[in-house]
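Student: Quick one, structure for this:
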Amino acid sequence: MEASTPRIRSMLRQADKVADAGKRAAATKLYRQIIDEAPDTVAAWIGLAGVISDENEKELAYRQALTLDPGNEAAQRGLDSLLGIEVPDEIESTDPDDAGRNGAIEEKEFKNSQAAIIDLPEDAEKLTKRESTSGLTTEVLGSDGQVNAAGDDPHLGHDHSGEITAVEDILFCANHPSRKTHLRCNRCGKPICSSCAQPTPVGYRCPECIREHEDIFYTATALDYVIAALVAVPLSLLAGWLATFLGFFTIFLGAFAGSLIGRVVFRVAGRRRGRWMPQMVGAIVVIGGILPAIPFLLAIFFGGFSLQIIWSGIYIFAAAGAAYYQMR
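Tutor: Next up is the predicted model:
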């Protein structure tokens, strides 16, 4: 079978380029990756057979390609050559006209093997194009109503005169289907728009792959969250209560108390980081600063006012920020 998805077709083109450049190890890895994702891709089996050196694996790859596509000439020729079966040469004609025709046929077959393009008949009458979210697929219908050529490669198409024309990929963002894009995640190959693309030292990646990579560093368990909360609550209440008595010196207490709470919680949690642990500890510090200040807040409703409200607010802002960044 042919490459079924835009990702597989893109990977197959890349593998072919690497193989043509003589990088057999890299090409082998790419072909095996394609086979792992799409085992019915005939071209990947043929390409793998062309770059591996083990004859047994070569034979298995060619036979698998023939199992998927019994009429595949490239796989049959490769298997015959591997097994030492002589392939009869074509009979050359002495007639100049026949020789010219044979040369044209050989030239056409060479182009087909290089670009995987099926030649168009002269009387092609109708050209239909199907546009999908993965790109343009081109089909050419002849006078017999049959498909004469299909654009397996989204970069190749044909016009009404039978000439080869370039058809540009039209991709749509996987997260925003209405946005056209030419970017792909360099890890999973998923189309992404400029809003989703996140730059990394090795190229653009999608948010999902970034998140998956970050999860490696977040090793905290549910028990670690519970322990962190049990430790952060009393410390935050104590620091918040002290802030109501220190007045101006609360400015210095805020950053110190928040940093201290963050360090203690981090150590008690076994120095394991959690994706949401900084937010949780920061919220606990805020609550620990608000609860002791409730009497002063109630006094406002009865016509009173105290500067302690201002100092508590400064403490909450400084302490919560320090605790949050200490836990990151």
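Student: All the helices of the chain, residue numbers only.
Tutor: Along the chain, counting by DSSP state H, helices occupy 6-20, 24-37, 42-51, 55-68, 73-83, 96-115, 207-214, 222-246, 250-268, 277-290, 294-301, 308-327.
Student: Which one, of those helices, ends up nearest to residue 180?
Tutor: Minimum separation from residue 180 across those (C-beta to C-beta) falls at helix 6-20, 13.8 Å. Yep, even glycine has a C-beta here, placed from its N, CA and C like the rest.
Student: Let me know the angle separating the closest one from helix 24-37.
Tutor: Using axes from the mean of the first three to the mean of the last three C-alpha atoms, to 10 degrees, one finds that helix 6-20 and helix 24-37 are set 160 degrees apart in direction.
Student: Helix 6-20 - what's its average pLDDT?
Tutor: The predicted model assigns helix 6-20 a mean pLDDT of 86.
Student: And for stretch 178-195?
Tutor: pLDDT averaged over stretch 178-195 equals 87, rounded to a whole number.
Student: and it, C-alpha only, in PDB?
Tutor: Taking Å, rounded to 0.1, in the frame of the first residue of the first chain, the C-alpha atoms of stretch 178-195 are listed here in PDB:
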ATOM      1  CA  SER A 178      -9.200  27.100  10.600                       C
ATOM      2  CA  ARG A 179      -5.600  28.300  10.500                       C
ATOM      3  CA  LYS A 180      -3.300  27.500   7.500                       C
ATOM      4  CA  THR A 181       0.300  26.800   8.300                       C
ATOM      5  CA  HIS A 182       3.600  25.500   6.800                       C
ATOM      6  CA  LEU A 183       5.100  24.600  10.200                       C
ATOM      7  CA  ARG A 184       5.300  21.100  11.700                       C
ATOM      8  CA  CYS A 185       6.400  20.000  15.200                       C
ATOM      9  CA  ASN A 186       9.900  18.700  14.700                       C
ATOM     10  CA  ARG A 187       9.200  15.900  17.200                       C
ATOM     11  CA  CYS A 188       5.800  14.400  16.300                       C
ATOM     12  CA  GLY A 189       5.300  16.000  12.800                       C
ATOM     13  CA  LYS A 190       2.000  17.500  13.700                       C
ATOM     14  CA  PRO A 191       1.000  20.700  11.800                       C
ATOM     15  CA  ILE A 192       1.100  23.800  14.100                       C
ATOM     16  CA  CYS A 193       0.400  27.500  13.600                       C
ATOM     17  CA  SER A 194       2.600  30.300  14.700                       C
ATOM     18  CA  SER A 195       0.600  30.600  18.000                       C
END
